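**Q** sequence first, predicted model second:
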Amino acid sequence: MDGDATDTFDVARLVHGFRPPPQPATGLDDVQLAAADRRMRHWRDPAGGPLVPGSDRHADATCRMFRDTFNPYRPAVLDWPVLEPAVRDRIVALPIWDIAVQTEGKARLRMAAYAGTLRDPGMRDALALNAWEEQRHKDVLARLVAAYGIELAPEPVQHPPRDPEWAYLVTGYSECIDSFFAFGLFALARRSGLFPPALVDTFEPVMQEECRHILLFANWAAWHRARLSFLRRVRFEAKVAAVWAFLAWERVGLARAIDADGGACAQDNNFTLHGARTVADDRVGVCRLLALCLAENDRRFAGYDERLLRPRTVPRLARLVLRLAKPFGWRR
């Protein structure tokens, strides 16, 4: 597998029997790239009827969706365009690179650790592939920061979680939140023209993979909770509520981050809005950004079988905010 020479992470160490998907020896040509892109974005279960959460059919469709939509791009052959100095400076200045690389590193480990606990072979393989793709995202980011000379803080050593289910829930729901806003920010970057189209296009497969990841997570969660006994379901729902409380606490800035020198520094509570203003050529209000995130979220999920469940919490909250803001004429 492509990756940094010093990065020895291997999903198979945590998921017995996992085999990485076959990768092309060289980069795909334009026809192959277009075909892989179509497969990644469109999937429908050929069998009719409902996909009842918790059923074998639901699990099978979820896992086949994830397997069939795999995109075999290789980070080693991605083209990083030469940037004008002003564009490069804008990218280097984005306050995301340390946390982005570290987040992918934690996600791959947490997903692989939880996948290794599953007895269902289909779900185990799907979550292991998810972990493998997170490793590939980390590889993409590592190659980007190397290409543009972005300096990163030393990456902390990651250890397998003591509670794999808790760690997987934190990672899964975090991705549901972050991907929703990332879809909108990515669309702003594309529309504004402040970043070269070639750079935006290079990242597009990664963005659509995140859509697949949270689609898998939403359906795993529904499948998993439907199979629990009453008491185990109560404990699981309590754990989910605790995860949401933790994520809310983290994102409103009560959590503290550790800087490169070991000191505590407050999180940027307005990162999403600041990020929007970085990638757009004008000031972007909260409501305008939420509306764009909703539109992009719907667009990216549109190609997948509508019987598969979508992440709902963050889009519902966004729609509620827009509904409450409508009397105040936010569209102006």
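**A** Arrived safely.
**Q** OK, contacts around residue 112?
**A** By Cβ atoms under 8 Å, 6 or more residues apart in numbering, residue 112 lies in contact with 11, 13, 14, 15, 127, 128, 131. Glycine gets a C-beta too; all of them are placed from N, C-alpha and C.
**Q** quick one: what helix or strand has the last one in it?
**A** According to DSSP states H and E, residue 131 maps onto helix 121-147.
**Q** by contact count, what packs against the helix or strand just after that helix?
**A** Using DSSP H and E, the helix or strand that directly follows helix 121-147 along the chain is helix 164-192. For helix 164-192, the contact count by 3 or more Cβ pairs under 8 Å, 6 or more residues apart in numbering; DSSP states H and E identifies helix 97-115, helix 197-226, helix 230-251, helix 271-279, helix 286-301, helix 313-325 as packing neighbours.
**Q** could you tell me the angle between helix 164-192 and helix 230-251?
**A** The directions of helix 164-192 and helix 230-251 differ by 40 degrees, with axes from the mean of the first three to the mean of the last three Cα atoms, to 10 degrees as the criterion.
**Q** so for helix 164-192, what gets flagged as buried?
**A** The neighbour-count check on helix 164-192 (16 or more other Cβ atoms under 10 Å) flags 164-190, 192 as buried.
**Q** OK, contacts around residue 22?
**A** Counting by Cβ under 8 Å, 6+ apart, residue 22 makes contact with residue 72.
**Q** SS state for it?
**A** State at residue 22, reduced to three classes by DSSP: H, G, I helix; E, B strand; the rest coil: coil.
**Q** ditto for residue 118
**A** Of the three states, residue 118 takes coil under three-state DSSP.
**Q** can you check residue 47 too?
**A** Of the three states, residue 47 takes coil according to three-state DSSP.
**Q** that one: what's it in contact with?
**A** Under the contact definition (Cβ under 8 Å, 6+ apart), the residues listed for residue 47 are 57, 61.
**Q** please report phi then psi for it.
**A** For residue 47, the backbone dihedrals are phi -80, psi 140 (criterion: degrees, to the nearest 10).
**Q** quick check: it vs residue 57, distance?
**A** Applying Cβ to Cβ, to the nearest Å, one obtains 7 Å for the distance of residue 47 from residue 57.
**Q** and if you look at residue 172?
**A** Taking Cβ to Cβ as the measure, residue 172 and residue 57 are separated by 22 Å.
**Q** next, residue 304: phi, psi?
**A** In terms of degrees, to the nearest 10, the main-chain angles of residue 304 are phi -100, psi 150.
**Q** isn't it up against residue 42?
**A** Yes: A contact is recorded between residue 304 and residue 42 when judged using Cβ atoms under 8 Å, the distance being 7.4 Å.
**Q** okay, the two: which has more neighbours?
**A** For residue 304 against residue 42, the residue with the higher neighbour count under other Cβ atoms under 10 Å is residue 304, and the figures read 19 against 13.
**Q** burial count for the residue lying closest to that one once chain neighbours are set aside?
**A** Counting by Cβ to Cβ, 6 or more residues apart in numbering, the nearest residue to residue 304 once its immediate chain neighbours are dropped is residue 43, at 5.4 Å. Residues contacting residue 43 under the criterion other Cβ under 10 Å number 19.
**Q** just to check, residue 43 is in contact with residue 69?
**A** Yes: using Cβ under 8 Å, residue 43 and residue 69 qualify as a contacting pair, with a distance of 5.2 Å.
**Q** roughly how far does the closest residue to residue 166 other than its chain neighbours sit from residue 103?
**A** For residue 166, ignoring the flanking residues on the chain, the nearest one in space by Cβ to Cβ, 6+ apart is residue 239 at 6.4 Å. Taking Cβ to Cβ as the criterion, residue 239 is separated from residue 103 by 21 Å.
**Q** more neighbours: which of those two?
**A** Regarding residue 239 and residue 103, a neighbour count based on other Cβ under 10 Å identifies residue 103 as having more, with 19 against 13.
**Q** for the more buried one, what are its contacts?
**A** For residue 103, the contact set (Cβ under 8 Å, 6+ apart) comprises residue 174.
**Q** try 6 Å
**A** By Cβ atoms under 6 Å, 6 or more residues apart in numbering, residue 103 lies in contact with nothing.
**Q** measure it to residue 24 for me?
**A** From residue 103 across to residue 24, the span is 27 Å (Cβ to Cβ).
**Q** and residue 28, how many neighbours?
**A** When counting by other Cβ under 10 Å, one arrives at 17 neighbours for residue 28.
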